[in-house]
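Asks: Any chance you can model this:
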Amino acid sequence: MDPISQGVLGASFAQAAAKNKEKIVAAAWFGALAGMAPDLDVLIQSPADPLLFLEFHRQFTHALIFIPIGALLVAWPLFKLQVRFFQQYLSFRESYLFCLLGYATHGLLDACTSYGSQLFWPFSDERFAWNNSSIVDPLFTIPLLVLVVLAGYKRRRGFAVAACLWALSYLSFGWVQMDRAIAAGHTVAAQRGHVPQRLTVKPSFANLILWKVIYEFEEDYYVDAVRVFGQGQWCAGEDIAKFNVDREFPTLAQDSQQRIDIERFRWFSDDYLAVNAAGHVIDMRYSFLPNEVAAMWGITVTPEQPDTHVKWWSERDLSASQMNDFERMLMGEGCQAL
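Replies: Coordinates of the predicted model:
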């Protein structure tokens, strides 16, 4: 999730554990910084290997087994800084506890998004993505921020407890909405006479009402949007052929670097791969509009250079027309009843 959400969630759990009301503000800072710290893994990049960051982002720093170590790496320098500048406002035990709580929230919150976290690294490289929360959601974050600020201002940890309960309630509501979106997705497939081989749903940007549905049937992927509010609506989308590496790039040897990179990208995208009109291999899970195939990122394969790395590209500029289309879809305009 975004850094602000990670920070305020970490702060709320740390504040809730602060028994001394005079330490609630310090607890918030320690919890917030620890809550954001795991995303420092974005610094693991290589200009020679464009896909390296895909393998390490949300990997060991987000793993459950790394939580005590990560919390220690954050708590120790923060403790030393406060001893130097604030005459040891918190004990090291308190510093570590607040950082432990803040750090522990990060990987679990990321697992609630469609991006996922490798929670059981190094025993498994599976990315756990529960798809019950958008990567950015103001309705989740703003109430948390308000309650964390109130807890610090009023020196009352009851506000922090309320923040924790809000987070858990909102994420639970996300699971309810996800189940409704899955049911709606199967209804859409049935109306086409399809029985999906697999079906995935994910919330669209900043809400739990409009969901993207991707399902696999025979040799194609189908992308639609469903609105799970009231009786539910279906915003018809597009379909595209499933990616087949032997069909698209028949000359690539199994041990070539380009072929290896394709498999790395396949792992990252949970095998939701296709080839767009420009010939790029795309991750179909992410698009600006939830009923479109058009991807936000992908790789460019150059079979004539089999022993070089593929090129990574991304497109994150949202046009005014796309924003208008998204708002209309969110309100149910142009969609049909399920």
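
Asks: so what's A16 up against?
Replies: 157, 160-161, 163-164 (CB atoms under 8 Å, 6 or more residues apart in numbering). Where you see a C-beta, it was placed from the backbone N, CA and C, and this is true even at glycine.

Asks: what's the closest non-adjacent residue to it?
Replies: Leaving out its chain neighbours, the residue that sits closest to A16 by CB to CB, 6 or more residues apart in numbering is A160, at 4.2 Å.

Asks: isn't the one you found right next to L145, touching?
Replies: No: A160 lies out of contact with L145 (CB atoms under 8 Å); the separation is 12.0 Å.

Asks: For these two, indicate the residue with more neighbours.
Replies: A160 (27 against 18; other CB atoms under 10 Å).

Asks: Quick one, grab the pLDDT at R84.
Replies: R84 carries a pLDDT score of 81 in this model.

Asks: quick check, distance from the one helix or strand it maps to to the centre of its chain.
Replies: Under the criterion of DSSP states H and E, R84 resides in helix 67-86. Relative to the chain's own centre, helix 67-86 is displaced by 27 Å; criterion: CA atoms, centre = their mean, to the nearest Å.

Asks: which parts of it are buried?
Replies: 67, 70-71, 73-75, 78-79, 82 (16 or more other CB atoms under 10 Å).

Asks: ok, so of these, who is nearest P250?
Replies: P250 has its nearest neighbour among those in G70, at 44.8 Å by CB to CB.

Asks: Near K19, how many other residues are there?
Replies: Neighbour tally, K19, other CB under 10 Å: 9.

Asks: Number the chain from 801, please
Replies: Sounds good: first residue 801 from here, last item K819.

Asks: Now do the phi/psi pair for it.
Replies: Main-chain dihedrals, K819, degrees, to the nearest 10: phi -80, psi -30.

Asks: pLDDT at it, what is it?
Replies: At K819, pLDDT is 91.

Asks: ok, now which ones touch it?
Replies: Per CB under 8 Å, 6+ apart, neighbours of K819: none.

Asks: So which of the contacts of A816 belong to strands?
Replies: Assignment to strands by DSSP state E places none of the contacts of A816 there.

Asks: Report the lowest-confidence entry in the residues you listed.
Replies: R957 (95).
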